[in-house]
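Curious how this folds, go ahead:
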Amino acid sequence: MDNKLLDILACPLCKSTLIYKKDAQELICKADRLAFPIRDDIPVMLEDEARELSNEEIDALKK
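Model (predicted):
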């Protein structure tokens, strides 16, 4: 994932900063509790394609 692209991407719903999870190939929005997938190095920034984060995943992001 290109760092310049990460700098300009924001959550399409709330416009907050996203967290890049390289191992899961996802961009995380803590505010909306959503994980947007990255497929073939392309972020899929559609609400319908995002998955909801569990409470455990949110807690792990706080650490």
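
Dihedrals phi and psi, Ile58?
When read as degrees, to the nearest 10, the backbone of Ile58 gives phi -60, psi -40.

Next: Leu27.
Comment: the main-chain dihedrals of Leu27 come out as phi -110, psi 130, following degrees, to the nearest 10.

Any idea how many residues pack against it?
Residues within reach of Leu27, counting by other CB atoms under 10 Å, total 24. Bear in mind the C-beta positions are built from the backbone N, C-alpha and C, glycine included.

same deal with the one 3 residues further on?
Other residues within reach of Lys30 by the criterion other CB under 10 Å amount to 17.

Enumerate every residue touching the closest residue to it other than its chain neighbours.
Using CB to CB, 6 or more residues apart in numbering and skipping the chain neighbours, the partner closest in space to Lys30 is Leu61 (5.9 Å). Leu61 makes contact with 19, 28, 30, according to CB atoms under 8 Å, 6 or more residues apart in numbering.

Helices of the chain, residue ranges please.
When assigned using DSSP state H, the helices of the chain occupy the ranges 3-8, 55-62.

mind listing what's buried in the last one?
When burial is assessed from 16 or more other CB atoms under 10 Å, helix 55-62 yields the following buried residues: Glu57.
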